[in-house]
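*Asks:* fold the following for me, if possible:
(one chain, ligands or ions: 2)
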Amino acid sequence: MAAQIWGSEKRARRRREISAKIAQMPELHDSKPLPFMTREEKIMESARKLTILTEKMGQIIDPTDPAELYHLNNEVLGLEGNPMALHGVMFIPALSAQASDEQQAKWLPRALRREIIGTYAQTELGHGTNLQNLETTATYDLATQEFVLHTPQITALKWWPGNLGKSSNYAVVVAHMIIKAKNYGPHPFMVQLRDEKTHEPLPGITIGDIGPKMAYNIVDNGFLGFNKYRIPRTNLLMRHTKVEADGTYIKPPHAKINYSAMVHVRAYMLTGQAIMLASALNIATRYSSVRRQGQIDKSQPEVKVLEYQTQQHRLFPSIARAYAFQFAGAETVKLYEHVLKEMKSGNVSLMADLHALTSGLKSVVTYQTGEGIEQARMACGGHGYSMASYISEIYGVAIGGCTYEGENMVMLLQLARYLVKSAALVKSGQSSKLGPLVAYLGVKSEPTSLIDRIPNSGFTEYVKTFQHVSKRQTLKAADMFFGLMEKGEKREIAWNKCSVELNRASRLHTRLFIVEAFVRRVNEIADIRIKEALTDLLHLHVNYELLDIASYALEDGFLSASQLDYIRDQVYLYLGKIRPNAVSLLDSWEFSDIELRSVLGRRDGNVYENLFKWAKSSPLNKTDVLSSVTQYLKPMMEKARL
Ligand SMILES: CCCCCCCCCC/C=C\CCCCCCC/C=C/C(=O)SCCNC(=O)CCNC(=O)[C@H](O)C(C)(C)COP(=O)(O)OP(=O)(O)OC[C@H]1O[C@@H](n2cnc3c(N)ncnc32)[C@H](O)[C@@H]1OP(=O)(O)O
Ligand SMILES: Cc1cc2nc3c(=O)[nH]c(=O)nc-3n(C[C@H](O)[C@H](O)[C@H](O)COP(=O)(O)OP(=O)(O)OC[C@H]3O[C@@H](n4cnc5c(N)ncnc54)[C@H](O)[C@@H]3O)c2cc1C
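*Replies:* Ligands and ions are numbered 1, 2, ... in the order given. Okay, here's the model as predicted:
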């Protein structure tokens, strides 16, 4: 199963080897539990481990392999981030995709050797979503052949970029490029922020940390202002766009090609989210198979809480989602790598499809991951609320994904643009022009679902039902939009009036893709035992998801009330079937205790001993009487007693 999750036997074996090596290297372990550290201590601890890793990485992993790097990161540095999180996730990808060969030769080796630390600075205090209204300017000075970066007012301060505040000395900065008074829109520039020797901010730069956040606090998300700060013309990233010395602008082959670093993260973060969901579920499911509370049969002893159907219903559909996200994420990364290769050689024809797909997936996956993690926390009762479970930290980090790399509603609306264009093709009889991801929009569906009527139909009838509801909602939302425009409404106003319905279409389309990715994977599996276990999970997935969106299929009678009962019964059937495999389905992800950082979810299952030991190690328990008591509470009580 681990091979299915991680992509191959080799990958699963390598993960085990890496975890085993790290277990033998105490210098790479947290020196004390992270929840007992202050933010400053955590940042220091993370920097300590990061520098050891830089020295020893080659002994542990193949540093050129992104999957091994990511695993090493999760084991040693953890999900709360590190001082170079953005360096690997956005700075290097932005340089790789957007810098010319010559620029890459100059900067990439230095970045890869970690001579310099970089980030991606795009969002501003006043604007994150609407990139056209970013306010930082890069004005070309023909006389000196330099760009002058400037922050005209407070809302133009860069705000949020990870590791910008304290760690990075370089950044890819996105600014509106102005040449001879003409604004060419947002473009990426390589900018040195701090002196390489002293790490002091360079003259003309105002920089700092934006303060503590809901989670992810090892990362110094920062602010940045420029006061007429000059950089050479050749610091504009020039793989696709060029500015000649005389100010001549050579436009890129696709207007949005400079957005590739965002698409990179959107594609890669899906498996990151799956891992966080599976981690929280691993903790909750292990705990639920240890925790005994109440009886189902009063004549029997107390049961493990995992025996309760409500507990299974709370956890198992999310286990199925974690697998589904992992499989859909792996497909998306493959597609991304393909499109990136094509883009580098000038073929931009697949960019729109990839953008639509990743926009929808990042939105649905992050939202459902958040839901699943929060349910996992609640499933642990009181102990879930303790930082000993670590689930609240996992939640805090994962839920950030709903916002970063494009706020979810906004990204769903991006996919909706693509769906509406596709609907227009269907309506104008040009279905043959539909791309493969939306080809189903042009296929006539049966009048009713055959879900309960064709035994052994595999998952075909389910896929057809998901296709039906997605198609119907897309065409309905598109009709609503076109209808408003026909009545004379301006395009943008009509769009806004339909946007809730449009986003519903985007979610349904994306959920269909996730189901299909799961089906594709299960169909490929040769090992009969693995196939059986995953088929059960897939049964739960399709029935649970369909129940969740059933109102769309009931509206037009595609599903009947009796079919709904059938689907519901299937959910209960598969909850029971999955119960014996539940812990194994999560243990198969092979998270080490070091990586999980959860006292509640350790592999040994000694929950109560571990919790007591952890509580005793709390800094508050170093003394029996705290100074807050001697200084304030004791005098208050004494005064009251007088
Ligand atoms: C390699 C190592 C492996 C390691 C794996 C990494 C795994 C990561 C795991 C993570 C797990 C946990 C750790 C946490 C890590 C945290 C990192 C967080 C980093 C966060 C960074 C950021 O947030 S960076 C800032 C991101 N900002 C945004 O996303 C802004 C969102 N806004 C936009 O994208 C745009 O403004 C928007 C698209 C909404 C509109 O753009 P605009 O230019 O205004 O567009 P319009 O003029 O309206 O035109 C729209 C048309 O353009 C098309 N389009 C838009 N974008 C694209 C695109 N990217 N590609 C192709 N086409 C695009 C769009 O379709 C429209 O087309 P149409 O034809 O007109 O319809
Ligand atoms: C943990 C974290 C890490 C980050 N890291 C980075 C980084 O490294 N580099 C970087 O540059 N940025 C980073 N960001 C910033 C992030 O990319 C932005 O916060 C994000 O893109 C959302 O933009 P915003 O904050 O402007 O939200 P807003 O756009 O102000 O969103 C507020 C509300 O308005 C709605 N809304 C906005 N526009 C529309 C619209 N057109 N239609 C409908 N509804 C709309 C949204 O749906 C949302 O409900 C990070 C953010 C976080 C939380």
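*Asks:* close to ligand 2: what parts of this protein are there?
*Replies:* 86, 120-123, 127-129, 160-162, 216, 221, 400, 403-404, 406-407, 409-410, 413 (CB under 6 Å from any ligand atom). Quick note: C-beta positions are derived from backbone N, CA and C, even for glycine.
*Asks:* now, of those, which are buried?
*Replies:* The neighbour count (16 or more other CB atoms under 10 Å) marks 86, 120-123, 127-128, 160-162, 216, 221, 400, 404, 406, 413 as buried among these.
*Asks:* gap between the residue of the stretch 201-350 of the chain found nearest ligand 1 and Leu425?
*Replies:* For the stretch 201-350 of the chain and ligand 1, the shortest gap (CB to the nearest ligand atom) falls at Gly272, measuring 2.6 Å. Between Gly272 and Leu425 the distance is 34 Å, computed by CB to CB, to the nearest Å.
*Asks:* look at the two and report which has more neighbours.
*Replies:* Between Gly272 and Leu425, counting by other CB atoms under 10 Å, Gly272 is the more crowded of the two (22 against 17).
*Asks:* check contacts around that one.
*Replies:* Tyr70, Gly401 (CB atoms under 8 Å, 6 or more residues apart in numbering).
*Asks:* which of the three states applies to it?
*Replies:* helix (DSSP: H, G, I helix; E, B strand; the rest coil).
*Asks:* and it, how far from Ala85?
*Replies:* Counting by CB to CB, the gap from Gly272 to Ala85 is 11 Å.
*Asks:* check Lys106 too.
*Replies:* Taking CB to CB, one finds Lys106 at 24 Å from Ala85.
*Asks:* which of the two has more neighbours?
*Replies:* Counting neighbours by other CB under 10 Å for Lys106 and for Ala85 shows that Ala85 has the greater number, 24 against 14.
*Asks:* need the pLDDT of whatever residue of the chain ends up closest to ligand 2.
*Replies:* Here the residue of the chain nearest ligand 2 is Gly128; by CB to the nearest ligand atom that distance is 2.4 Å. On pLDDT, Gly128 comes in at 98.
*Asks:* name the nearest residue to it, sequence neighbours excluded.
*Replies:* Once flanking residues are discounted, Gly128 sits nearest to Trp160: 6.9 Å by CB to CB, 6 or more residues apart in numbering.
*Asks:* and if you look at Glu595?
*Replies:* Spatial nearest neighbour of Glu595, chain neighbours left out: Glu75 (4.8 Å); criterion: CB to CB, 6+ apart.
*Asks:* before we move on, what about Gly396?
*Replies:* Using CB to CB, 6+ apart, the closest residue to Gly396 is Ala215 (2.4 Å).
*Asks:* what sits closest to the residue nearest the centre of the chain if chain neighbours are left out?
*Replies:* Ranked by distance to the mean C-alpha position of the chain (CA atoms, centre = their mean), the top residue is Met269 at 3.7 Å. Once flanking residues are discounted, Met269 sits nearest to Gly401: 5.9 Å by CB to CB, 6+ apart.
*Asks:* list the contacts of the nearest residue to Glu80 once chain neighbours are set aside.
*Replies:* Spatially, and ignoring its direct neighbours in sequence, Glu80 is nearest to Ile218 (4.5 Å; CB to CB, 6+ apart). Contacts for Ile218 (CB under 8 Å, 6+ apart) come out as Arg39, Lys42, Ile43, Ser46, Leu77, Gly78, Glu80, Gly81, Asn82, Pro83.
*Asks:* rerun at 7 Å
*Replies:* The contact partners of Ile218, taken as CB atoms under 7 Å, 6 or more residues apart in numbering, are Lys42, Ile43, Ser46, Glu80, Gly81, Asn82.
*Asks:* re earlier: you'd agree the residue of the chain closest to ligand 2 is in a helix?
*Replies:* No - Gly128 is assigned coil when assessed by three-state DSSP, not a helix.
*Asks:* mind showing which ranges of the stretch 351-500 of the chain have poor pLDDT?
*Replies:* For the stretch 351-500 of the chain, no stretch has pLDDT under 70.
*Asks:* return the residues of it in contact with ligand 1.
*Replies:* Residues of the stretch 351-500 of the chain lying near ligand 1 (CB under 6 Å from any ligand atom): Met351, Ala352, His355, Tyr404, Glu405, Gly406, Val410, Gln414, Arg417.
*Asks:* got the contact list for the third one?
*Replies:* For His355, the contact set (CB under 7 Å, 6+ apart) comprises Val263, Gln414.
*Asks:* in whichever strand or helix holds it, which residues are buried?
*Replies:* Counting by DSSP states H and E, the element that carries His355 is helix 351-379. By neighbour count on 16+ other CB under 10 Å, the buried set for helix 351-379 is 351, 353-370, 372-377, 379.
*Asks:* residues of the next helix or strand after that helix that come out buried?
*Replies:* Going down the chain from helix 351-379, the next helix or strand is helix 381-385, by DSSP H and E. Residues His383, Gly384 are the ones in helix 381-385 that count as buried (16+ other CB under 10 Å).
*Asks:* other residues contacting helix 381-385?
*Replies:* Applying CB under 7 Å, 6+ apart, the contact partners of helix 381-385 are Arg377, Met378, Ser389, Ile391, Leu600, Leu611.
*Asks:* show me which pair in those is furthest apart.
*Replies:* Met378 and Leu611 (17.8 Å; CB to CB).
*Asks:* perfect, I'm done here.
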